[in-house]
Structure formats: C-alpha cells, structure tokens
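In: how does the following fold in three dimensions:
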Amino acid sequence: MNQASGFPWYFAIDDRPVKVVATPGGGMDVLIANLTTGKLERDMQYLAFCFEPGQNVQRLSEAEFNTRIADLRQSLSDRKNAT
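Out: Sure thing, here's the model as predicted:
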C-alpha cells in the first residue's frame, strides 16, 4: 500500500484519535491515541471499526486528527502541571 491507496486514514472512535497507516510489507497498522500518555500505540482491535463505522466512528481529515492529538496532549500536560 502506498500513498495512492489513500493512506493514512484518520478517525475518531469513541472520541479517541485513530490513525490507519500502510506498512512497508503492504499491510496496514492501526495506531490509537493512548488517553493516559498521548502517544500513538498499535492496536489492531480498532480496525473493524474503520471498515464498519457506526455512530461512534467519525472519519477525520489529517488536520482534524492533528488538532485532536494536540488537544489531548495539551490536556494531559495541563493536568500534570496542576498536580
């Protein structure tokens, strides 16, 4: 899979930012935002939601995804600094 395949894909699943990326071997990986650390972590369990979207799944643009990640990380930083 390459850029022509339309990857990466961006979603919000239950308000959690999710990114689907192509792998060098032609597959795909699903990276979800860890709501405790703000880091993206691999979790293939979210893949099914990307192909069968429901009311808790929203397709995002890259800019929307980046904004959600930045907001999450800022919120985590604010909480850390408040303690």
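In: switch to C-alpha atoms for all contacts and neighbour counts from now on
Out: Fine.
In: show residues contacting the helix or strand of the chain with the lowest mean pLDDT.
Out: Least confident helix or strand of the chain, by mean pLDDT, DSSP states H and E, is helix 47-51 with a mean of 90. Outside of helix 47-51, the residues within contact range by Cα atoms under 8 Å, 6 or more residues apart in numbering are 11, 13, 30, 57.
In: from the residues you listed, which land in strands?
Out: Those of these mapping onto strands are 11, 13, 30, 57, per DSSP state E.
In: skipping adjacent residues, who's closest to the last one in space?
Out: In this structure, residue 57 finds its nearest non-sequential neighbour in residue 13, 4.6 Å apart by Cα to Cα, 6 or more residues apart in numbering.
In: residue contacts, the one you found?
Out: With Cα under 8 Å, 6+ apart, residue 13 has these contacts: 49, 56, 57, 58.
In: measure how buried the closest residue to residue 9 other than its chain neighbours is and give me the count.
Out: Using Cα to Cα, 6+ apart and skipping residues adjacent in sequence, the residue nearest residue 9 is residue 20, 5.0 Å away. Neighbour count of residue 20, defined by other Cα atoms under 10 Å: 20.
In: wait, doesn't residue 20 sit right on residue 28?
Out: Yes: Residue 20 is within contact range of residue 28, at 6.7 Å (criterion: Cα atoms under 8 Å).
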